[in-house]
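A.B. asks: Can you look at this prediction? I've put the sequence above it.
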Amino acid sequence: MLIYINQDNVDYSFNKAIKERPKSWSEGLIHYYTQQGYGKKNHLSGEEGTIKVIKARRQAEEEILKKLTIRKTLINTAYDEHSHRIALKNILINNPIGKEMFK
């Protein structure tokens, strides 16, 4: 089973992470996303460029997910750090392999 973690509001999540983490983290992430592949090819830079790369990656991932014939499920992390853990636990408990993990 493939579990895909999604965030509805990439802009909000990314900006929230930037405020909560050290500047070196955001600088590294921005460099990673904008100085290679899609970001570099499309001359993207800074926070806005990084968000555009993340959105483009998510769109590509969603297209791939549609084509996969394996079992898959989506978890939206929303903005509550505990809700996705509960959702993941429920998925694993209801999956034959997951039942063994929570006995």
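C.D. replies: That came through fine. Residues are numbered from 1 along each chain as shown.

A.B. asks: for this structure, what spans make up the strands?
C.D. replies: Per DSSP state E, the chain carries strands over the ranges 2-6, 72-76.

A.B. asks: Is it possible to get JSON lines of these that adds distance to residue 38?
C.D. replies: Where you see a C-beta, it was placed from the backbone N, CA and C, and this is true even at glycine. Compiled in JSON lines, the strands of the chain are given as follows (distance: least, C-beta to C-beta, whole Å):
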{"stretch": "strand 2-6", "distance to residue 38": "19"}
{"stretch": "strand 72-76", "distance to residue 38": "23"}
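
A.B. asks: Figure out which of these is closest to residue 92.
C.D. replies: strand 2-6 (8.7 Å; C-beta to C-beta).

A.B. asks: Return the longest helix in this structure, judged by number of residues.
C.D. replies: helix 46-67 (DSSP state H).

A.B. asks: Off-centre distance for that helix?
C.D. replies: 9 Å (C-alpha atoms, centre = their mean, to the nearest Å).

A.B. asks: Likewise for stretch 7-17?
C.D. replies: Using C-alpha atoms, centre = their mean, the offset of stretch 7-17 from its chain centre is 10 Å.

A.B. asks: do the same with stretch 63-82
C.D. replies: On C-alpha atoms, centre = their mean, the centre of stretch 63-82 falls 9 Å from that of its chain.

A.B. asks: Give me the residues contacting that stretch.
C.D. replies: Stretch 63-82 has contacts (C-beta atoms under 8 Å, 6 or more residues apart in numbering) with 1-8, 12-13, 16, 83-84, 87-88, 91.

A.B. asks: same thing but at 6 Å, please
C.D. replies: 1-8, 84, 87, 91 (C-beta atoms under 6 Å, 6 or more residues apart in numbering).

A.B. asks: Over to stretch 25-45?
C.D. replies: Outside stretch 25-45, the residues touching it (C-beta under 6 Å, 6+ apart) are 18, 49-50, 52-53, 56.

A.B. asks: And the residues you listed, which of them are buried?
C.D. replies: 18, 49-50, 52-53, 56 (16 or more other C-beta atoms under 10 Å).
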